[in-house]
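Asks: Pasting the sequence and the predicted model now:
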Amino acid sequence: MRDVRMNALKWMVLAAAMLLSACANPFADDAPSFNDILSAGWLNDDEPSPVTPLYCYEPIGAKDYYAKPLAGKGRRLQGFEGPAPRLRADN
């Protein structure tokens, strides 16, 4: 009896899978194509904003930030954003 139930259950699962696989998406015709999405214009990037130069130096206490690199303080330079400062051997 158990084999008959298991066999019937397998056939019902197989039939349900076949019926559900035949279903189509009713909204597929209305969906925009990939090229339509890309040409819509909302994906275009804005012009990048210019980078404000910032130079970070570490004194004894908290870090200090300057708009221009400091002469003679190259060893304390922790990081920068913008143009790279000129570093000399005696900094």
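Replies: Good, I have the coordinates.
Asks: What ranges does the chain have for its helices?
Replies: For the chain, helices defined by DSSP state H occupy the ranges 2-21, 34-38.
Asks: Can you show me the strands along the chain?
Replies: Along the chain, counting by DSSP state E, strands occupy 54-57, 64-66, 77-81.
Asks: For residue 40, which of those strands is the nearest?
Replies: Taking Cβ to Cβ, strand 77-81 is the member of the strands of the chain nearest to residue 40, at 33.6 Å. Where you see a C-beta, it was placed from the backbone N, CA and C, and this is true even at glycine.
Asks: Using TSV, please lay out the helices of the chain together with distance to residue 51, mean pLDDT and mean neighbour count.
Replies: Converted to TSV, these look like this (distance: least, Cβ to Cβ, whole Å; pLDDT from 0 to 100; neighbours: other Cβ atoms under 10 Å):
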stretch	distance to residue 51	mean pLDDT	mean neighbour count
helix 2-21	54	82	9
helix 34-38	28	81	9
